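Participant: Dropping a prediction and its sequence here:
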Number of protein chains: 2
Amino acid sequence: MPPRPGLSKAELEIARIVWELKDAGVRQVFDALPPSRDIDFTTVQTYLRRLEEKGYLNVRLEGRNRMYSPKVRPQTVIRETVGEMVELLFGGETMPLVRHLVEDSKFSSQDIEHLRQLLNRLEGGGDGK
Amino acid sequence: MPPRPGLSKAELEIARIVWELKDAGVRQVFDALPPSRDIDFTTVQTYLRRLEEKGYLNVRLEGRNRMYSPKVRPQTVIRETVGEMVELLFGGETMPLVRHLVEDSKFSSQDIEHLRQLLNRLEGGGDGK
DNA sequence: TTGACTCAATTACAAATGTCCTTCTATAAT
DNA sequence: ATTATAGAAGGACATTTGTAATTGAGTCAA
């Protein structure tokens, strides 16, 4: 059913950087990694190649350099990844995950307020029952 | 940093069943799988063994049968798994995930109401700003 | 006591993943 | 030209994962 193979952790890490940069060569992605992330240049190369093979990135030749850009929108990847986790961890029920997050994270009252507004927007401010 | 190796998808699937059954042998876990899940008995055996090796399950001999029971609480596994995903997908920020879930899922107004109450409980019923 | 079964234990194995190395060509700096 | 460098291409390799076959021992029904 999934239109393309899933992303591995390392691939996701790299994909996020490409999303952020919009368009980048291996070097740029490599440089965008946090210094704490000790990884070889060619490894990044490999991940980018695999991301392209899996259909997540577009490539274009800029001179003799490959420039990668997002092909699948982050939102799509997020939806798929989260969806899979919800499936695996909560048998497909989303609410338990939301509950977990809300209970388990220490949100600022700012955050909480934002959430309230979000809920209001969603359901035209219904106040319950 | 993680106290034990992470769980793979298939392992998670099996772990969930053990959590539910509290205590079960291979056969019981096998039988608890949905019929749609076409998998060999010995495969389940393997997953249970690995789960034990990884430190997620306890085993005890019941006669010559192995009975498996949870060693790590679901909540812990959930926290770790979700945490990792938040890290990977949102750079560690929880709010974006919550936002995604709320926006992307079609919650019933029931659900929304529950969420409101949850928020109230969290932050001593503040009503905004 | 001979199957028929059930389970444990072991082994196997291909695919996916994380990671790097090597080799080659283009390019830039001397 | 000569060298240093960067990036492409491709190969390599151990580990993890998903999944199963094999072998052997105990158990129960005939």
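Facilitator: Here it is on my side, so go on.
Participant: after the longest helix belonging to chain A comes which helix or strand?
Facilitator: The single longest helix within chain A, with elements called by DSSP state H, is helix A:74-90. Using DSSP states H and E, the helix or strand that follows helix A:74-90 in sequence is helix A:95-104.
Participant: Check which helices and strands that following helix is in contact with.
Facilitator: Secondary-structure packing of helix A:95-104 (3 or more Cβ pairs under 8 Å, 6 or more residues apart in numbering or on different chains; DSSP states H and E): helix A:74-90, helix B:74-90, helix B:94-104, helix B:109-122. No exception for glycine: its C-beta is placed from N, CA and C like everyone else's.
Participant: Adding mean neighbour count and distance to DNA strand D, write those out as JSON lines.
Facilitator: As requested, the helices and strands packed on helix A:95-104 are exported to JSON lines (neighbours: other Cβ atoms under 10 Å in any protein chain shown; distance: least, Cβ to the nearest atom of the strand, whole Å):
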{"stretch": "helix A:74-90", "mean neighbour count": "17", "distance to DNA strand D": "9"}
{"stretch": "helix B:74-90", "mean neighbour count": "17", "distance to DNA strand D": "12"}
{"stretch": "helix B:94-104", "mean neighbour count": "17", "distance to DNA strand D": "22"}
{"stretch": "helix B:109-122", "mean neighbour count": "16", "distance to DNA strand D": "30"}
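Participant: got any ranges where chain A has weak pLDDT?
Facilitator: A:1-2, A:124-129 (pLDDT under 70).
Participant: could you check the distance from the residue sitting nearest the centre point of it over to A:Ser8?
Facilitator: Residue closest to the mean C-alpha point of chain A, counted by Cα atoms, centre = their mean, is A:Ile78 at 4.8 Å. Applying Cβ to Cβ, to the nearest Å, the value for A:Ile78 to A:Ser8 is 16 Å.
Participant: cool, A:Gln28 as well?
Facilitator: Taking Cβ to Cβ, one finds A:Gln28 at 21 Å from A:Ser8.
Participant: before we move on, what about A:Arg73?
Facilitator: 19 Å.
Participant: Between the two, which is the more surrounded one?
Facilitator: A:Ser8 (13 against 10; other Cβ atoms under 10 Å in any protein chain shown).
Participant: wait, what's in contact with the spatially closest residue to A:Leu7 that is not a sequence neighbour?
Facilitator: Spatial nearest neighbour of A:Leu7, chain neighbours left out: A:Ala15 (6.3 Å); criterion: Cβ to Cβ, 6 or more residues apart in numbering or on different chains. For A:Ala15, the contacting residues are A:Leu7, A:Leu51, A:Tyr56, A:Leu57, A:Pro70, A:Val77, by Cβ atoms under 8 Å, 6 or more residues apart in numbering or on different chains.
Participant: what's the neighbour count on the fifth one?
Facilitator: Here the count is done by other Cβ under 10 Å, and A:Pro70 has 19 residues near it.
Participant: Now it. Nearest residue, chain neighbours left out?
Facilitator: With Cβ to Cβ, 6+ apart, the residue lying closest to A:Pro70 is A:Trp19, at 5.4 Å.
Participant: wait, that neighbour sits on A:Val72?
Facilitator: No. Assessed by Cβ atoms under 8 Å, A:Trp19 is found out of contact with A:Val72, at 9.6 Å.
Participant: contacting residues around the closest residue to A:Thr81 other than its chain neighbours?
Facilitator: In space, and not counting its chain neighbours, A:Thr81 is closest to B:Leu89: 6.1 Å by Cβ to Cβ, 6+ apart. Neighbouring residues of B:Leu89 by Cβ under 8 Å, 6+ apart: A:Leu12, A:Arg16, A:Ile78, A:Thr81, A:Val82, B:Leu97.
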